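> next input, structure requested:
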Amino acid sequence: QVQLVESGGGLVQAGGSLRLSCAASGRTFSNDVMGWFRQAPGKEREFVAAISGSGGRLYYADSVKGRFSISRDNAKNTMYLQMNSLKPEDTAVYYCAAGDRVVVMTSRSYRYWGQGTQVSVSS
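Residues are numbered from 1 along each chain as shown. Alright, predicted model coming up:
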């Protein structure tokens, strides 16, 4: 059974940092693009960042460039999102996703999804 499990969310003050993890199981994802999406209350799910299977290609939404950093450890089948200089507008449920044939910024092209982890940033 393929599973993606997010962890590391929480409540932080503006300007603070959090590190999200996405642990994959059930099969290896080293050939898959893996990504982070987020969804705030009343808003559509939006792309945050993605990373190629090898880790050589990184993709970021303009809203998080320079503040967030995506990485992966294929030996551990785990992906990370380091979030620095957090803002109240970063508050959302963060989801990790994976797929072998994706349009990086398009959520519906990802096959596997985690359940999400809440990130709340207070002003």
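
> distance of the spatially most central residue of the chain relative to residue 16?
Note on the chain: the residue nearest the mean C-alpha position is residue 36, at 2.3 Å, using C-alpha atoms, centre = their mean. For residue 36, the distance to residue 16 equals 18 Å [C-beta to C-beta, to the nearest Å]. For glycine as for every other residue, the C-beta is placed from the backbone atoms N, C-alpha and C.

> that older thread, the closest residue to the residue nearest to the centre of the chain other than its chain neighbours sits in which helix or strand?
Leaving aside its sequence neighbours, residue 36 sits nearest to residue 48 (C-beta to C-beta, 6 or more residues apart in numbering; 4.2 Å). Assigned by DSSP states H and E, residue 48 belongs to strand 46-51.

> re the thing from before, list the beta-bridge partners for the residue nearest to the centre of the chain.
Beta-bridge partners for residue 36, by DSSP bridges, are residue 49, residue 96.

> quick revisit: got the CA positions of the strand holding residue 48 in CSV?
What follows is strand 46-51, C-alpha atoms only, in CSV (Å, rounded to 0.1, in the frame of the first residue of the first chain):
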residue,chain,number,x,y,z
GLU,A,46,-2.1,25.8,-4.9
PHE,A,47,1.4,24.7,-5.9
VAL,A,48,4.2,25.5,-3.5
ALA,A,49,7.3,23.6,-4.6
ALA,A,50,8.4,20.5,-6.5
ILE,A,51,11.6,18.4,-7.0
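
> name the residues that touch that strand?
The contact list for strand 46-51 (C-beta atoms under 8 Å, 6 or more residues apart in numbering) reads 33-39, 57-61, 64, 68, 70-72, 79, 81, 94, 102, 104-107.
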